[in-house]
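mind looking at a prediction? Sequence and model below.
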Amino acid sequence: MVDQLVPNELWTLVEPAFPAPPARPRGGRQRQPYRQTFAGILYLLRWGLPWRHLPVALGLGSGRTCERRFLEWQRGGVWMRLWRILLDHVQQHGYLDWSRSALDSISIPAPRGGSHTGPNPTDRGKAGSKLHLLIDGQGLPLAISLSGANVHDSKQLEATVDAVPGVRNGRRGRPRRRPTKLYADKGYDFGRCRRALTHRRIVPRIARRGVESSSTLGRYRWRVERTLSWLVSYRKLAVRRERNAAAFLGLTQLACALIVWRRTCGALSAPHIA
């Protein structure tokens, strides 16, 4: 089961993202192998089970252990680091398309409340959150941010664009953080959005209210809707049950990393990492 959830090629790539196990000079019980714990986290993310309901028969360890390690690694920035490693890998193989990008959001219910939630105007005012996703021209996730369901999409544009990690292509030079163009729907048709993109040297391609049909730019924007559907296919993201916003954002970062892997890296051989 561990090999199925975390193939050797994937583990070879992402193992450097995890911290070294703490030294135990006085002995004591050794920690569960990180690969096994990581596999348990992926299983729970995919099927949306509560942490404590991880089936012991799978041989992935305790769900409580997976939860503790997940939160520990989230605080240490492991999930963002893991995502960036995979983005660097696909960039080196020429899979990222920086010539255009697209931005959109999806609302998800948050019945337990917590930070970064708000009344969802499309769900009778029930508590919910929004995931704001930026993709490249192929539909690979570049950045994600979290807000309350009552926050207008346009107000989260800058935070989402600025969340793109520096992606390296294996050669010298600065990491790339900005796409050439950004496509968005009429919800972003504000002067401040266009100015924010222009200031970042990104060409805004935003549909104009009352002027352009939604289908005009739809031939590029449909990819972000597809990627959002991939994202919420991980059932732990379809309904937010984590009250801690940072923990929920860590789950989304891990899901984005898995989308990058499954869409591209599965067809590539993992390089040696010193």
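Looks like it came in fine.

quick one: the strands in this structure?
Under the criterion DSSP state E, the chain contains strands at 101-109, 118-119, 127-136, 141-148, 181-184, 203-206.

let's have these in CSV, adding distance to T264, mean pLDDT and mean neighbour count.
Placement of C-beta: from N, CA and C, glycine included. Output for the strands of the chain, formatted as CSV (distance: least, CB to CB, whole Å; pLDDT from 0 to 100; neighbours: other CB atoms under 10 Å):
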stretch, distance to T264, mean pLDDT, mean neighbour count
strand 101-109, 16, 96, 23
strand 118-119, 35, 96, 16
strand 127-136, 11, 97, 24
strand 141-148, 12, 97, 22
strand 181-184, 21, 95, 23
strand 203-206, 24, 95, 18
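
quick one: low-confidence parts of the stretch 101-250 of the chain?
Residue ranges of the stretch 101-250 of the chain with pLDDT under 70: 170, 212-217.

mind running it again at 80?
Applying pLDDT under 80 to the stretch 101-250 of the chain flags residues 169-173, 210-220.

related to what we said a few turns ago, as TSV, the strands of the chain with distance to L45 would be great.
As requested, the strands of the chain are exported to TSV (distance: least, CB to CB, whole Å):
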stretch	distance to L45
strand 101-109	14
strand 118-119	24
strand 127-136	14
strand 141-148	15
strand 181-184	28
strand 203-206	33
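
how about W230, what does it touch?
I259 (CB atoms under 8 Å, 6 or more residues apart in numbering).

repeat the analysis, applying 10 Å as the threshold.
Taking CB atoms under 10 Å, 6 or more residues apart in numbering, we find W230 in contact with 133, 139, 141, 255-256, 258-259, 262-263.

next one: F190
Here F190 is in contact with 152, 154-155, 157, 196, 206, 209 (CB under 10 Å, 6+ apart).

hmm, try it at 8 Å
Applying CB under 8 Å, 6+ apart, the residues near F190 are S154.

quick one: it from A159, how far?
Look at F190 and A159: by CB to CB, to the nearest Å, they are 15 Å apart.

equivalent analysis for R35, please.
Distance, R35 to A159, using CB to CB: 33 Å.

and the two? Which one has more around it.
Neighbours were counted for R35 and for A159 using other CB atoms under 10 Å; R35 has more, 18 against 13.

the strands of the chain: which one's closest to P165?
Set against P165 and scored by CB to CB, the strands of the chain come closest in strand 141-148, at 7.5 Å.

adjacent strands (with direction) for that closest one?
strand 127-136 (antiparallel) (DSSP bridges).

just the C-alphas of the partner strand, formatted as CSV.
C-alpha atoms of strand 127-136 as CSV (Å, rounded to 0.1, in the frame of the first residue of the first chain):
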residue,chain,number,x,y,z
ALA,A,127,-20.2,29.3,6.8
GLY,A,128,-17.7,28.7,4.0
SER,A,129,-14.3,29.4,2.6
LYS,A,130,-12.9,30.2,-0.8
LEU,A,131,-9.9,28.7,-2.5
HIS,A,132,-8.3,31.0,-5.1
LEU,A,133,-6.2,29.2,-7.6
LEU,A,134,-3.6,30.4,-10.2
ILE,A,135,-2.6,27.9,-12.9
ASP,A,136,-0.1,27.9,-15.8
